[in-house]
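Undergrad: Sequence first, predicted coordinates after that:
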Amino acid sequence: ETGVTQSPTHLIKTRGQQVTLRCSSQSGHNTVSWYQQALGQGPQFIFQYYREEENGRGNFPPRFSGLQFPNYSSELNVNALELDDSALYLCASSTGTSGPREQYFGPGTRLTVT
Amino acid sequence: AQSVTQLDSHVSVSEGTPVLLRCNYSSSYSPSLFWYVQHPNKGLQLLLKYTSAATLVKGINGFEAEFKKSETSFHLTKPSAHMSDAAEYFCVVSPNAGNMLTFGGGTRLMVKP
């Protein structure tokens, strides 16, 4: 069984640029959630995708957007990067959306905005 | 609305001594509660979860947690710390009707030889 994978592992961008992060969910999982973890803090929920539709969103501006593909892999896109976007971005996959489901996390993408 | 407060940002113990990581939660409904561990350069790993069954929950690697509704607490314990337990630990709350996770700020556990 393949776990959750994310790419790239590290990324350096300049303020104002755009970035795309990728996530492959665990086999059999149809739900992907994205989290932002700033240095020294707990992860914060960005949004969740279920069967290619956004299924919930945290307190993040519209320049954070996402996609989920038919194979349930997912992308997180961030436009007009700001210095405060520097963080570890975590992807988690699970099955379904009702009830508390265990989420399996990938190792994350470390984004640095200069 | 829901929130989680981890009462200690850092905890230091000696190897072989007990571990106590404290967590208080706030929720307007009956929540599900989790503890996750994050080792450096590794993904978050689920230690244990409470989903309204038994209030004492046993997890992996000898960890357990007790749900106390009257105290709105979900503290994590382990009888004897091991060097490999050194990591960041997160207490997490989730509404039963969805799986958006709300994380606490984390507790860094240091284990001294």
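TA: Arrived safely.

Undergrad: Now do the strands in the chain.
TA: Defaulting to chain A. For chain A, strands defined by DSSP state E occupy the ranges A:5-7, A:10-13, A:19-24, A:31-37, A:44-50, A:53-57, A:64-68, A:74-78, A:87-94, A:104-105, A:109-113.

Undergrad: could you do chain B instead?
TA: Under DSSP E, chain B gives strands at B:2-6, B:10-14, B:19-21, B:23-27, B:32-38, B:44-50, B:56-58, B:64-68, B:73-78, B:87-94, B:102-103, B:107-112.

Undergrad: Tabulate these (CSV), appending distance to chain A.
TA: C-betas here are computed from N, CA, C, even on glycine. Below are these laid out as CSV (distance: least, Cβ to the nearest Cβ, whole Å):
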stretch, distance to chain A
strand B:2-6, 8
strand B:10-14, 11
strand B:19-21, 13
strand B:23-27, 11
strand B:32-38, 3
strand B:44-50, 4
strand B:56-58, 13
strand B:64-68, 13
strand B:73-78, 13
strand B:87-94, 5
strand B:102-103, 3
strand B:107-112, 9
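
Undergrad: Export the ones you listed to TSV and append columns for distance to A:Cys91.
TA: TSV is the format used below for these (distance: least, Cβ to Cβ, whole Å):
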stretch	distance to A:Cys91
strand B:2-6	21
strand B:10-14	28
strand B:19-21	25
strand B:23-27	24
strand B:32-38	14
strand B:44-50	11
strand B:56-58	26
strand B:64-68	26
strand B:73-78	25
strand B:87-94	16
strand B:102-103	15
strand B:107-112	23
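
Undergrad: Could you export the ones you listed as JSON lines, including mean pLDDT, mean neighbour count and distance to A:Thr5?
TA: Shown next, in JSON lines, are the strands of chain B (pLDDT from 0 to 100; neighbours: other Cβ atoms under 10 Å in any protein chain shown; distance: least, Cβ to Cβ, whole Å):
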{"stretch": "strand B:2-6", "mean pLDDT": "92", "mean neighbour count": "17", "distance to A:Thr5": "28"}
{"stretch": "strand B:10-14", "mean pLDDT": "98", "mean neighbour count": "13", "distance to A:Thr5": "31"}
{"stretch": "strand B:19-21", "mean pLDDT": "98", "mean neighbour count": "18", "distance to A:Thr5": "29"}
{"stretch": "strand B:23-27", "mean pLDDT": "92", "mean neighbour count": "18", "distance to A:Thr5": "30"}
{"stretch": "strand B:32-38", "mean pLDDT": "94", "mean neighbour count": "23", "distance to A:Thr5": "17"}
{"stretch": "strand B:44-50", "mean pLDDT": "92", "mean neighbour count": "19", "distance to A:Thr5": "14"}
{"stretch": "strand B:56-58", "mean pLDDT": "94", "mean neighbour count": "14", "distance to A:Thr5": "29"}
{"stretch": "strand B:64-68", "mean pLDDT": "95", "mean neighbour count": "18", "distance to A:Thr5": "29"}
{"stretch": "strand B:73-78", "mean pLDDT": "97", "mean neighbour count": "20", "distance to A:Thr5": "28"}
{"stretch": "strand B:87-94", "mean pLDDT": "95", "mean neighbour count": "23", "distance to A:Thr5": "21"}
{"stretch": "strand B:102-103", "mean pLDDT": "94", "mean neighbour count": "22", "distance to A:Thr5": "22"}
{"stretch": "strand B:107-112", "mean pLDDT": "97", "mean neighbour count": "17", "distance to A:Thr5": "26"}
